[in-house]
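Chemist: coordinates only, sequence not included:
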């Protein structure tokens, strides 16, 4: 589950926020399997989609994270969940997307890391209301 500014995100909906206001993010990973899973790393990467196949991930002048954009998840037991909180601060107006990935965080494996990507979250940063 993904919550942006306290609202559950649907991949078809656009979340609107204001430039200069921190936007709280919450990502909850629920383990519905019969076995414990982990360790994982949760990474959140903002980008702009230019609608021509180009994604711009070089946004350090437009967006900043309050805290970290990567979280370590040790183990999630069956039927339990793990919740992670962060915040984004938009410095300019525009349409942005948030790419959220879970990947295995185990360096002792010889196989490539596996990834679980959630649908991108669409966030529209608007001018503050005066």
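Modeler: The structure has been received and is ready for your questions. Predicted model only: the values in this text are computed from it and were never measured.
Chemist: Give me the residue ranges of this protein where confidence is low.
Modeler: 11, 105-118 (pLDDT under 70).
Chemist: Stretch 34-53: how far from the chain's middle?
Modeler: Averaging C-alpha positions (C-alpha atoms, centre = their mean, to the nearest Å) puts stretch 34-53 6 Å from its chain's average.
Chemist: swap that for stretch 69-80, please
Modeler: On C-alpha atoms, centre = their mean, the centre of stretch 69-80 falls 15 Å from that of its chain.
Chemist: cool, and stretch 119-130?
Modeler: Worked out by C-alpha atoms, centre = their mean, stretch 119-130 lies 15 Å from the chain centre.
Chemist: again with stretch 86-106
Modeler: Taking mean C-alpha positions (C-alpha atoms, centre = their mean), stretch 86-106 and its chain are 4 Å apart.
Chemist: Only the buried residues of that stretch, if you could.
Modeler: For stretch 86-106, burial by neighbour count (16 or more other C-beta atoms under 10 Å) applies to 86, 88-90, 96, 98-100, 102, 104. In short, each C-beta sits where N, CA and C put it, glycine included.
Chemist: And those residues, which two are furthest apart?
Modeler: 90 and 104 (30.9 Å; C-beta to C-beta).
Chemist: before we move on, back to that, what would the buried residues of stretch 86-106 look like in JSON lines with secondary structure?
Modeler: Output for these, formatted as JSON lines (DSSP: H, G, I helix; E, B strand; the rest coil):
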{"residue": "86", "secondary structure": "strand"}
{"residue": "88", "secondary structure": "strand"}
{"residue": "89", "secondary structure": "strand"}
{"residue": "90", "secondary structure": "strand"}
{"residue": "96", "secondary structure": "strand"}
{"residue": "98", "secondary structure": "strand"}
{"residue": "99", "secondary structure": "strand"}
{"residue": "100", "secondary structure": "strand"}
{"residue": "102", "secondary structure": "strand"}
{"residue": "104", "secondary structure": "strand"}
